[in-house]
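Q: Sequence first, then the predicted structure:
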Amino acid sequence: MATYNKITPEIAEQLKAVVGDKRFSAGEEVDPNYSHDEMPIYGKFFPEVTVDVESTEEVSKIMKICNDNKIPVTCRGAGTGLVGGCVPLAGGVVLCTRRMNKILHYDMDNLVVRIQPGVLLKDLAADALAHGLMYPPDPGEKTATVGGNISTNAGGMRAVKYGVTRDYVLALTVVLADGRIIELGKTVCKTSSGYSLLHLMVGSEGTLGIITEMTMKLIPNPVCDVSCLVPFPDVDSCIKFVPHIKLANLDPQSIEFMDADIVTSSSAFTGIPTFPERVKDADVGASLLVTFVGSDEDELDQKLVRLGKIAEEAGALDVLVVATSSNKKAAWAARSSFLTAIEADTKLLDEMDVVVPVDKIPAFLIYIRQLGEEEGLTIRNFGHAGDGNLHIYCCSNDLEEDEFKRRTKIIMDKAYAKCAELEGQVSGEHAIGHAKMQYLRESVGEDVFQLMGEIKRVFDPNYILNPGKVCDASLMS
């Protein structure tokens, strides 16, 4: 088990000298929000001090001090994670990059932008749009930082067409555990130049280095788009329709899945019945929210005609086009509010974001609901049908926390085992943190898990970077 040193008054003064009094907090001055992320069920862990950094050079100096004194460092962005990835399990320093929030430079010839890690996803998306460009990754939490998205390899609703965050990272500036500054990647679209340390850093959750600058790929903003809702009488027929959309060469930008339960919850939360619960005198069991983009309206009209034809053949109740920009905005706002709606009427909450082959979605959802019934927990779910990434929540308003955790663990243990049986993965985009580390170990096997640990040791021999996360078992007794 790793052991760390406490921050002495002398070390505290060294850290404070780097960032100044106003960007340094210790003891009772530490913001209590720094002890947890958006899933507090995984516990609260307080740092000894926090530092708000503003430059690569400051991060380098902080890391050198902490490495020399064996002080653990947990990097934090907006704190919107859901697996305890940015909480300081071993105390020490929380290094916050929120103030590193500058969009530094657009290269319009190469369609890239250079930014700092604290830039919010919503701000990058809006700024790129003002330049006539699109930043394609579209995770649901728009107030997350792009640095955090890179650290977890976030995906989002447009991944079915454009891919995930990893596909848009061209270059990174990274500070290593000992303070060294390295540059990974270049502004090029392909490379066959040795091991890809750039892609190793993406998704590493701050356990291998601290990202301080990024060069991100952009694309021209689509000329026009259209969204439509495709309701079905049940989940099975709804999910079975997804491959038909792809095979019809419709190239959707997004295919989002929602069942009747989450639609009801969303309507109650927003006060606006955005998605219909009955269509043509039939109950809607599940729906797909689909978006297409194109170069002109004629192209989109042709796609809608083809969609309507194959949807009718697949047993869809209808194809409902979201006709106006305000309705389209409302539909996607409602989709983005699903987690918030669940949180609003749930006392205790735990989550998983497994990814399974698309055709295995119904089997997995049926299995999860059976587990919920067996353990007396409410199961809520929605997800990205186009890529098989499911967001599943165990919920309770009646149980005490210890009993809720006991029952949830039973469900999680069985659910992740089922996920492996269906050839799925532990996480599609929320990552591992400390909450899902054991499930990762069981999923990939001991040999692979140990190899991951060896990579961690090479980058961080003192195990000071975000200890106890992903594959770092150094805090286990």
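A: Thanks, I have the structure now.
Q: so where do the strands sit in the stretch 301-450 of the chain?
A: Assigned by DSSP state E, counting those that start in this stretch, the stretch 301-450 of the chain shows strands spanning 320-322, 348-352, 378-384, 389-396.
Q: likewise the stretch 1-150 of the chain?
A: Under DSSP E, counting those that start in this stretch, the stretch 1-150 of the chain gives strands at 24-26, 49-52, 73-76, 93-96, 103-107, 112-115, 133-134.
Q: To Leu200, which of these lies closest?
A: strand 73-76 (16.4 Å; C-beta to C-beta). For every residue, glycine as well, the C-beta is placed using N, CA and C.
Q: what's that closest one packed up against?
A: Contacts defined by 3 or more C-beta pairs under 8 Å, 6 or more residues apart in numbering; DSSP states H and E place strand 73-76 against helix 56-69, strand 93-96.
Q: From the chain's centroid, how far away is that strand?
A: 17 Å (C-alpha atoms, centre = their mean, to the nearest Å).
Q: Please work out the average pLDDT along it.
A: For strand 73-76, mean pLDDT rounds to 98.
Q: same check, this time on stretch 3-12
A: Stretch 3-12 comes out at a mean pLDDT of 97.
Q: okay, the angle between the longest helix seen in the chain and strand 389-396?
A: When the chain is parsed with DSSP state H, its longest helix is helix 401-421. Angle of helix 401-421 versus strand 389-396, following axes from the mean of the first three to the mean of the last three C-alpha atoms, to 10 degrees, is 160 degrees.
Q: can you list contacts of helix 401-421?
A: Defining contact as C-beta atoms under 8 Å, 6 or more residues apart in numbering, one finds that helix 401-421 is touched by 41, 348, 350, 352, 354, 356, 364, 367-368, 371-372, 375-377, 392, 394, 396, 399, 425-426, 439, 442-443.
Q: mind listing what the nearest residue to Gly383 once chain neighbours are set aside touches?
A: Spatial nearest neighbour of Gly383, chain neighbours left out: Leu390 (3.9 Å); criterion: C-beta to C-beta, 6 or more residues apart in numbering. If a contact means C-beta under 8 Å, 6+ apart, then Leu390 has 257, 352-356, 361, 364-365, 381-384, 428 as its contacts.
Q: which one of the residues you listed is nearest Val174?
A: Among those, and counting by C-beta to C-beta, the member closest to Val174 is Gly428, at 24.5 Å.
Q: So what's the residue count around that closest one?
A: 24 (other C-beta atoms under 10 Å).
Q: Can you verify my assumption that it contacts Pro357?
A: No. Under the criterion of C-beta atoms under 8 Å, Gly428 is not in contact with Pro357, lying 12.0 Å apart.
Q: shared neighbours, those two?
A: With C-beta under 8 Å, 6+ apart, Gly428 and Pro357 have common neighbours Gly388.
Q: In stretch 305-321, which residues are buried?
A: Neighbour counts over stretch 305-321 (16 or more other C-beta atoms under 10 Å) mark 307-308, 310-311, 314, 316-321 as buried.
Q: Mind telling me the two of the residues you listed farthest from one another?
A: For those, the farthest-apart pair by C-beta to C-beta is Ala314 and Val321; their separation is 17.4 Å.
Q: Output the strands of the stretch 1-150 of the chain in JSON lines, with distance to Thr215 and mean neighbour count appended to each entry.
A: Converted to JSON lines, these look like this (distance: least, C-beta to C-beta, whole Å; neighbours: other C-beta atoms under 10 Å):
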{"stretch": "strand 24-26", "distance to Thr215": "30", "mean neighbour count": "18"}
{"stretch": "strand 49-52", "distance to Thr215": "24", "mean neighbour count": "22"}
{"stretch": "strand 73-76", "distance to Thr215": "19", "mean neighbour count": "27"}
{"stretch": "strand 93-96", "distance to Thr215": "22", "mean neighbour count": "26"}
{"stretch": "strand 103-107", "distance to Thr215": "8", "mean neighbour count": "13"}
{"stretch": "strand 112-115", "distance to Thr215": "5", "mean neighbour count": "22"}
{"stretch": "strand 133-134", "distance to Thr215": "14", "mean neighbour count": "20"}
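Q: now the ones you listed in a markdown table, with distance to Leu176?
A: Listed next are the strands of the stretch 1-150 of the chain as a markdown table, based on distance: least, C-beta to C-beta, whole Å:
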| stretch | distance to Leu176 |
| --- | --- |
| strand 24-26 | 23 |
| strand 49-52 | 17 |
| strand 73-76 | 11 |
| strand 93-96 | 13 |
| strand 103-107 | 22 |
| strand 112-115 | 20 |
| strand 133-134 | 32 |
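Q: Looking at those, which is nearest to Ile7?
A: strand 49-52 (5.8 Å).
Q: still on that earlier bit, out of the contacts of Leu390, flag the one nearest to Arg335.
A: Closest approach to Arg335 among those (C-beta to C-beta): Phe382, at 7.9 Å.
Q: returning to that earlier point: out of the strands of the stretch 301-450 of the chain, nearest to Gly294?
A: strand 320-322 (14.1 Å).
Q: which other helices and strands contact that closest one?
A: Applying 3+ C-beta pairs under 8 Å, 6+ apart, one finds that strand 320-322 contacts strand 224-232.
Q: Provide the strand pairings for the strand it packs on, with the direction of each partner.
A: strand 286-294 (antiparallel), strand 320-322 (antiparallel) (DSSP bridges).
Q: ok, of the contacts of Leu390, which one's closest to Asn221?
A: Nearest to Asn221 among these, with distances taken as C-beta to C-beta, is His384, at 21.7 Å.
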